[in-house]
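Undergrad: Next come a sequence and a model predicted from it.
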Amino acid sequence: QVQLVESGGGLAQAGGSLRLSCATSGRTFTNYFMGWFRQAPGKERKFVAAISWSGDRNYYTDSVKGRFTISRDYAKNTVYLQLNSLKPEDTAVYYCAAGRILVLTTDQWDYWGQGTQVTVSS
């Protein structure tokens, strides 16, 4: 059974940091992109960041460039999202996803985690 399990969310103050983890199991994600999306209350799920299988290509939505960093640890089968300089507008449920095609919408992603809540206070 393929699983993506996010952790690391919580409450942070504006300007603070959090590190999200996405532990994968059940298969090897060779040639898969790993991505992070987020969904604020009452809004649609939106792309945040993605990393290629090789790890040499990273992609970010404009609003998080320079603040968030995506990485992956092959030995631990884990993908990370480092969140720095947090803003209240970063408050959302953050989801990890795996897909063979990189798209900035939620379709075409094959596997999803259950999400982890990030709340940023002002």
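TA: In hand now; what should we look at?
Undergrad: Tyr59: which element?
TA: strand 58-60 (DSSP states H and E).
Undergrad: Centroid-nearest residue for this structure?
TA: Trp36 (2.4 Å; C-alpha atoms, centre = their mean).
Undergrad: Quick check, pLDDT for that one.
TA: Looking at Trp36, its pLDDT is 98.
Undergrad: Likewise for Gly10?
TA: On the pLDDT scale, Gly10 gets 98.
Undergrad: could you list every residue that touches the nearest residue to it once chain neighbours are set aside?
TA: Leaving aside its chain neighbours, Gly10 sits nearest to Leu18 (6.3 Å; criterion: C-beta to C-beta, 6 or more residues apart in numbering). Bear in mind the C-beta positions are built from the backbone N, C-alpha and C, glycine included. Contacts here follow C-beta atoms under 8 Å, 6 or more residues apart in numbering; on that basis Leu18 touches Gly8, Gly9, Gly10, Ala12, Gln82, Leu83, Leu86, Val118.
Undergrad: next one: Val48
TA: Gly35, Trp36, Phe37, Arg38, Tyr60, Thr61, Val64, Phe68, Leu81, Tyr94.
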